[in-house]
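**Q** build the 3D model from these lines:
(chains A and B)
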Amino acid sequence: MSTTLTAADTASRAPERKPSTWTSMSGRPPSTSTVVRTTLLVAGALAVVAPLVWAALSSFKSAEELAQTPPTLWPHNPTVDNYTSGLQAFDFARYLTNSVIVTVAATVLTLAINSMAAYALAKFNFRGRTVFFLITLATIMIPLQVILLPVYQVVSSLGLTNSLLGLIIPPAATPTGVFLLRQYMLTLPDEMIEAARVDGAGEWAIFWRIILPLSRPALAVVAIFSVIWRWNDFLWPLIVAQDESKQTIPVAIARFASQQAIPFNQILAVSVVTIVRIVVIFLLLQRQIIAGLSQGAIK
Amino acid sequence: MTAASAPVRERPPRGRVHRGRVNTRRLAPYLFLLPNMLIFAVFTIWPALNGFNLSFYDSSNGRTFKPVGTGNYSAILSDEEFWAVVRHTLVYTVGFVLISTVLAMALALMINAQRRGRGAISAAYFLPIVISPVVVGIVWRAAFDRERGMVNQGLSAVGLGEPGWLVEPSLAMVAIIVVGTWIHLGFYAMILMSGLQSIDGSLYEAARIDGTTTWQAIRLITMPLLRPTLMVVVILATIAGFQSFDFIFTLTGGGPVSATTLMVQYIYENGFSYPIEYGLASAAAVILFVVVFMVTFANYVLGRRSDSI
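**A** Numbering: from 1, shown residues only, chains lettered A, B, ... in the order given. This next block holds a predicted model:
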């Protein structure tokens, strides 16, 4: 391919884009393009986080200060009133409990059943394997949004509406999870399993003691996916948990924010409370989360 | 957990492979598959098949149904509201896909070239995708507030007035495209980044020796080799666009006067909030199903190809 390129424009600057083996940067002053690029990237990054920072700062302002012209950036008289009154109007503890129960239970269930299915598809030869694998892939193409009405009918005829089980079980069999785990398990050596069988280990013991511990990196990725999905799920809990006592944070906060009577700054305070957790978790695990989500999307 | 108990029984080690052991082994994969497949069958496959069937029935309460043949489809195709929803969904999806992929591409190229502060910069752009879309909608609704919102405060500071973002139909459409892009930009950029990093570095080395400029390198090496990954992003964005619902629900509520009501909200409202128009909802769901299925199928086919490169 390089032969088709001509030496047209050698004078100005060497190509900035480099593979990861860049070593000769140190000692030289940064080039103009480096400065421009860094400025653009940083300005863009600030613009992306700006609404969140603005929301957090505004949540500490009084209603008068929010309406003030010219607007203040930093709260002049920081107050936690929005938080105390916001959390009084919004039963945070209950929704948090529901959200935590649903997220943890659904994630554990997802990891258990997805890894079992993935193991069968990756390491056994059996009649129907291809069919089961194709079914798994096909379900990737059936998002909840398009089967909303029929799946609601199933859940309601099973009596699972307005119950946390109705929020936990239906989304637990994620095709993406099965697929990611299967791809990972394919790379584990078959000899190991054969050796364990010769030593007399049962099939469940092989799965539980050998396959699962070795699949930890893939399980971590699926766990990250599952926690983020279930924590942020909205449409499904919106239709299944119509009863307030079973609502998760997203459904409850959407309802809370739609009430005209709730002041703007209190809504921001409650939003900040709900975001802060996931932001902290993200900052702690950013490397794994970014790698997991973006690589998971391609496979 | 049915598979948990069955295979373990054959515990005691034997010198030779026992007949019962072979049977367990033959049965094991089915037992391992059972729980996952059972949930698939009950909560995905059966509803998917039944969805087509349902679209030939109508109901005004979600409990009693009467068969109407293809009546739902003829009703929906002559429903002005439905066509408005189709139009809005297409405008949103095209705008969102174009803007978010172009920006994500530029961002990925820039971050990939960046050495200093790369981790922190990536994290800032990526952050929105992990935040609950419902809360994203709420925060942005406040940010788009006419007088007290961040956006108009910034605009009026530079003398650009105070546009009514969420009160004017076309501006509301701009607002949901902006927020949709804000949510997905960093995520798509990171997907493109992993594509960029799989390009063989020696190609750039050779091009540099031959004296190519940055732009030539991007055009002649990066773009062709990145095309499969780019296609994946375009398709992911298309699917996300067609399925957008939650952040719009809290950002504009589908308004003003349904200017930002997209397909999923149309299905939700006709199917679950009064007055219930079950027939319209289920016909719309089948139409969306077909669209999404085709796009995802393309994703799978192209995704396979990107793996083999």
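**Q** report the closest residue of chain B relative to chain A.
**A** In chain B, the residue that lies nearest chain A is residue B:201 (2.4 Å; CB to the nearest CB). All C-beta spots, glycine's among them, are computed from the backbone N, C-alpha and C.
**Q** so what's that residue scoring on pLDDT?
**A** In the predicted model, residue B:201 carries a pLDDT score of 85.
**Q** so for the helix or strand containing residue B:34, what's the average pLDDT?
**A** Taking DSSP states H and E as the criterion, the element that holds residue B:34 is helix B:19-40. Here helix B:19-40 scores 86 as its mean pLDDT.
**Q** next structured bit after the helix or strand hosting residue B:185?
**A** Taking DSSP H and E as the criterion, residue B:185 maps to helix B:169-197. Going down the chain from helix B:169-197, the next helix or strand is helix B:201-209, by DSSP H and E.
**Q** who does the helix or strand just after that following helix touch, helix- and strand-wise?
**A** Downstream of helix B:201-209, the next assigned helix or strand under DSSP H and E is helix B:214-217. With contacts defined as 3 or more CB pairs under 8 Å, 6 or more residues apart in numbering or on different chains; DSSP states H and E, the packing partners of helix B:214-217 are helix B:201-209.
**Q** circling back to that earlier point, buried residues, the next helix or strand after the helix holding residue B:34. List them.
**A** Downstream of helix B:19-40, the next assigned helix or strand under DSSP H and E is helix B:46-54. Residues of helix B:46-54 classed as buried by neighbour count (16 or more other CB atoms under 10 Å in any protein chain shown): B:46, B:47, B:48, B:50, B:51, B:54.
**Q** could you do stretch B:210-223 as well?
**A** B:210, B:211, B:212, B:213, B:214, B:216, B:217, B:218, B:220, B:221, B:222.
**Q** and stretch A:162-178, by the same measure?
**A** Residues of stretch A:162-178 classed as buried by neighbour count (16+ other CB under 10 Å): A:162-164, A:166-178.
**Q** with stretch B:247-257 instead?
**A** Across stretch B:247-257, burial judged by 16+ other CB under 10 Å covers B:247, B:248, B:249, B:250, B:251, B:252, B:253, B:254.
**Q** what's the answer for stretch B:160-177, then?
**A** Neighbour-count burial for stretch B:160-177 [16+ other CB under 10 Å]: B:163, B:165, B:166, B:169, B:172, B:173, B:175, B:176, B:177.
**Q** and these, which is closest to residue A:101?
**A** Minimum separation from residue A:101 among those (CB to CB) is found for residue B:176, which lies at 32.1 Å.
**Q** got the confidence number for the closest one?
**A** Residue B:176 is given a pLDDT of 97.
**Q** same check, this time on the one 5 residues further on
**A** Here, the pLDDT recorded for residue B:181 equals 98.
**Q** ok, now residue A:28?
**A** pLDDT recorded at residue A:28 is 68.
**Q** considering only the buried residues of stretch B:247-257, which also neighbour chain A?
**A** Among the buried residues of stretch B:247-257, the residues within reach of chain A (CB under 8 Å from any CB of the partner chain) are B:249, B:250, B:253.
**Q** JSON lines please, covering those and showing secondary structure and pLDDT.
**A** Putting those into JSON lines (DSSP: H, G, I helix; E, B strand; the rest coil; pLDDT from 0 to 100) gives the following:
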{"residue": "B:249", "secondary structure": "helix", "pLDDT": "95"}
{"residue": "B:250", "secondary structure": "helix", "pLDDT": "94"}
{"residue": "B:253", "secondary structure": "coil", "pLDDT": "92"}
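**Q** what is the nearest of these to residue B:263?
**A** Taking those together and measuring to residue B:263 by CB to CB, the closest member is residue B:249, at 12.9 Å.
**Q** residue contacts, the closest one?
**A** A:234, A:254, B:134, B:137, B:265 (CB atoms under 8 Å, 6 or more residues apart in numbering or on different chains).
**Q** top of those by number of neighbours, please.
**A** When those are compared by neighbour count (other CB atoms under 10 Å in any protein chain shown), residue B:134 ends up highest, at 28 neighbours.
**Q** which two from the buried residues of helix B:46-54 end up farthest apart in space?
**A** Longest span within the buried residues of helix B:46-54, CB to CB: B:46 and B:54, 11.6 Å.
**Q** quick one: common contacting residues for these two?
**A** In contact with both residue B:46 and residue B:54: residue A:150, using CB under 8 Å, 6+ apart.
**Q** so where's the stretch 101-250 of chain A shaky on pLDDT?
**A** Applying pLDDT under 70 to the stretch 101-250 of chain A flags no residue at all.
**Q** can you give me the helices in it?
**A** A:129-140, A:148-157, A:164-168, A:175-186, A:190-198, A:203-205, A:212-214, A:216-232, A:235-240, A:249-257 (DSSP state H, counting those that start in this stretch).
**Q** dump those helices to CSV, plus distance to residue B:281.
**A** Formatted as CSV, the helices of the stretch 101-250 of chain A follow (distance: least, CB to CB, whole Å):
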stretch, distance to residue B:281
helix A:129-140, 22
helix A:148-157, 6
helix A:164-168, 20
helix A:175-186, 25
helix A:190-198, 48
helix A:203-205, 44
helix A:212-214, 42
helix A:216-232, 24
helix A:235-240, 12
helix A:249-257, 20
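**Q** nice, that's everything, thank you.
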